[in-house]
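Novice: got a predicted structure plus its sequence, pasted below:
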Amino acid sequence: MFLYNSPNNTYRLLPPTRSRTCEFSGFVYDSYNDDYKLIRIYQYIVASLEICVYSTRENVWKIIKVDRIQSRKMFS
């Protein structure tokens, strides 16, 4: 997967992540850390989610596993 910066006409090859189809993806700016982040959410098992957060500053994916009970509290 590539991340393209159209104003600079540059791109970055992202480190590999899960090959499954994600249920949600988004791109956000983290003003606290002055960092752009790509977020991908996968249904890991019936009872849990896996949230992958890519940091452009660190060039790494952080993986967070959340069970469905926690996710209902987070997104309600």
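Specialist: Great, that's in hand.
Novice: show me where this structure has its helices.
Specialist: Shown for the chain, the helices assigned by DSSP state H span residues 68-75.
Novice: find the residue at the geometric middle of it.
Specialist: In the chain, the centroid-proximal residue (Cα atoms, centre = their mean) is Ile39; its distance is 2.1 Å.
Novice: so that residue sits against Glu50, correct?
Specialist: No: shown here, Ile39 and Glu50 do not form a contact pair, counting by Cβ atoms under 8 Å, at 11.4 Å. All C-beta spots, glycine's among them, are computed from the backbone N, C-alpha and C.
Novice: tell me where the model's unsure across this structure.
Specialist: Filtered on pLDDT under 70, the chain yields the residue ranges 18-20, 44-47, 68-76.
Novice: Ser25 contacts Tyr42, correct?
Specialist: No: using Cβ under 8 Å, Ser25 is not in contact with Tyr42, being 9.8 Å away.
Novice: of those two, which one has the most company?
Specialist: Legend: neighbour count by other Cβ atoms under 10 Å for Ser25 and Tyr42, higher for Tyr42 (19 against 11).
Novice: report the beta-bridge partners for the nearest residue to that one once chain neighbours are set aside.
Specialist: Of all residues not flanking Tyr42 in the chain, Glu50 sits nearest, at 4.5 Å (Cβ to Cβ, 6 or more residues apart in numbering). With DSSP bridges as the criterion, Glu50 is bridged to Tyr42, Lys65.
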